[in-house]
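Student: Here's my sequence, what's the structure:
(chains A and B)
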Number of protein chains: 2
Amino acid sequence: MSAAAAAKPILYSYFRSSCSWRVRIALALKGIAYDQVPVNLLKDGGQQFSAEFKALNPMQQVPALKIDGITLSQSLAIIHYLEETRPNPKLLPQGPKKRAQVRMISDHIVSGIQPLQNLSILQRMGEKKMEWAQQCITSGFQALEQILQHTAGRYCVGDEVSMADLCLVPQVFNAERYKVDLSPYPTITRINKALLELEAFKASHPSRQPDTPAELRA
Amino acid sequence: MSAAAAAKPILYSYFRSSCSWRVRIALALKGIAYDQVPVNLLKDGGQQFSAEFKALNPMQQVPALKIDGITLSQSLAIIHYLEETRPNPKLLPQGPKKRAQVRMISDHIVSGIQPLQNLSILQRMGEKKMEWAQQCITSGFQALEQILQHTAGRYCVGDEVSMADLCLVPQVFNAERYKVDLSPYPTITRINKALLELEAFKASHPSRQPDTPAELRA
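Tutor: Numbers count the residues shown, from 1 in each chain, chains lettered A, B, ... in the order given. I've put the predicted structure just below:
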């Protein structure tokens, strides 16, 4: 193993970023020790826009993960990489049809809900920020609730934790933050609660990160 | 093989939807024969919102693909399923690091650019529609150009067509539609041109679909 490959991975993260949280859960579930470098998306006009961070990740977004001598970005690309290089425990089920269910749910959240309510969009929405976020999440959760009624067991797809669950919990956290009424989504709510009882979801929670402000700490 | 598995796949698609085009390219490259059912995103207030289509895909979006007895949605989930069940020709390279590059570029386009300029968002933007679409695409392309300078060969990652290329070409098509100045992106432009010379990209082009209006046909 080369020196680069043996080095401890570094996660560039922001405590409240839902995309960062997805990756923190994956790292925790797979038992991968890592150092965390906070990137404050609000301070200094957004530290992700600094020349230093742009050199690391041209997308100017968190998360970014330095691992095995490379720097990765995009949460699902990072999780797929971890899955292919550290396969245990598995975050994708056996069998292409089940895997497709996991990816459909993941992509629905990651491409269909989160980008429409992320910080950079909301900043452009001004006064309508809250209403906009609620609309995007509500519309996405209506579809998600219906899908989960077909795929869920204890978790999003069957009874094993999968990539879909890593996407679900941070999105529900955002929904609560934007005061979305979750009562029409009993399946989402039930699964979210079950997942939050797991140690990997607790340890990676936004309320327990190195950059969590004191007033938001659990 | 069951009757369902043996049936010809059905793609629910809209000629101008960039997400639909990604899947049409994958089907063409892999030589999978399929029937196409057009879903007009503008007609009747959006045919994707009909009760009939909602029963098929609760996300109320194209593309959706009926295949092997199941119905899939989300373009990258569909492409991953095709890759796992019909692996030739490959759309993901060997080796986790190269695969991560392909997925980073794909996710950057699919989660980071396209959702911000898709039809449902633009419809809410009113007069600022064009300016908004241009901003989102420009900001995404600046990052993409920089990334491609490190990953590209003849195509987005090395010299083989990959999932990333299936995302690139439809996004450049959207950029042209919204009159984005492409001169700052020579790598994007070069790769797009090379890809458009391939038969799979030509046959799947929005100008050549069953639902392409006569005045837009190639």
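Student: When you work out contacts or count neighbours from here on, use the C-alpha atoms and nothing else.
Tutor: OK.
Student: Show me chain A divided up by domain.
Tutor: Split into domains by automatic domain parsing, chain A comes to A:10-89, A:96-201.
Student: Make JSON lines from those domains and add mean pLDDT, mean neighbour count and distance to B:Leu216 to it.
Tutor: Listed next are these as JSON lines, based on pLDDT from 0 to 100; neighbours: other Cα atoms under 10 Å in any protein chain shown; distance: least, Cα to Cα, whole Å:
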{"stretch": "domain A:10-89", "mean pLDDT": "95", "mean neighbour count": "20", "distance to B:Leu216": "34"}
{"stretch": "domain A:96-201", "mean pLDDT": "95", "mean neighbour count": "18", "distance to B:Leu216": "28"}
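Student: a markdown table please, covering these and showing distance to B:Ser207.
Tutor: Listed next are the domains of chain A as a markdown table, based on distance: least, Cα to Cα, whole Å:
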| stretch | distance to B:Ser207 |
| --- | --- |
| domain A:10-89 | 31 |
| domain A:96-201 | 26 |
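Student: residues in contact with the nearest residue to A:Ile105 once chain neighbours are set aside?
Tutor: With Cα to Cα, 6 or more residues apart in numbering or on different chains as the criterion, A:Ile105 has its nearest non-adjacent residue at 5.8 Å, and that residue is A:Ala164. By Cα atoms under 8 Å, 6 or more residues apart in numbering or on different chains, A:Ala164 lies in contact with A:Val102, A:Arg103, A:Ile105, A:Ser106, A:Cys156, A:Val157.
Student: A:Leu196 now?
Tutor: A:Val169, A:Lys202.
Student: one more time with 10 Å
Tutor: With contacts defined as Cα atoms under 10 Å, 6 or more residues apart in numbering or on different chains, the neighbours of A:Leu196 are A:Val169, A:Lys202, A:Ala203, A:His205.
Student: now do A:Gly112
Tutor: By Cα under 10 Å, 6+ apart, the contact list for A:Gly112 reads A:105-106, A:136-137, A:139-140, B:59, B:61, B:74, B:110-111, B:114-116.
Student: so is the closest residue to chain B within chain A in a helix, a strand, or just coil?
Tutor: For chain A, the residue closest to chain B is A:Ser111, as judged by Cα to the nearest Cα, at 4.3 Å. Per DSSP: H, G, I helix; E, B strand; the rest coil, the local secondary structure of A:Ser111 is helix.
Student: Helices - which of the contacts of A:Ala164 land there?
Tutor: Among the contacts of A:Ala164, the residues falling in helices (DSSP state H) are A:Val102, A:Arg103, A:Ile105, A:Ser106.
Student: Does the second one touch A:Leu168 like I think?
Tutor: Think A:Arg103. No - using Cα atoms under 10 Å, A:Arg103 is not in contact with A:Leu168, being 12.0 Å away.
Student: which stretch of helix or strand covers the residue nearest to A:Ile105?
Tutor: helix A:163-177 (DSSP states H and E).
Student: ok, back up a step: show me which of the contacts of A:Leu196 neighbour chain B.
Tutor: Among the contacts of A:Leu196, none lies close to chain B by the criterion of Cα under 10 Å from any Cα of the partner chain.
Student: Filter the residues you listed down to the buried ones, PyMOL style.
Tutor: Buried members of those, defined by 16 or more other Cα atoms under 10 Å in any protein chain shown, are picked up in PyMOL with:
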select buried, chain A and resi 169+205
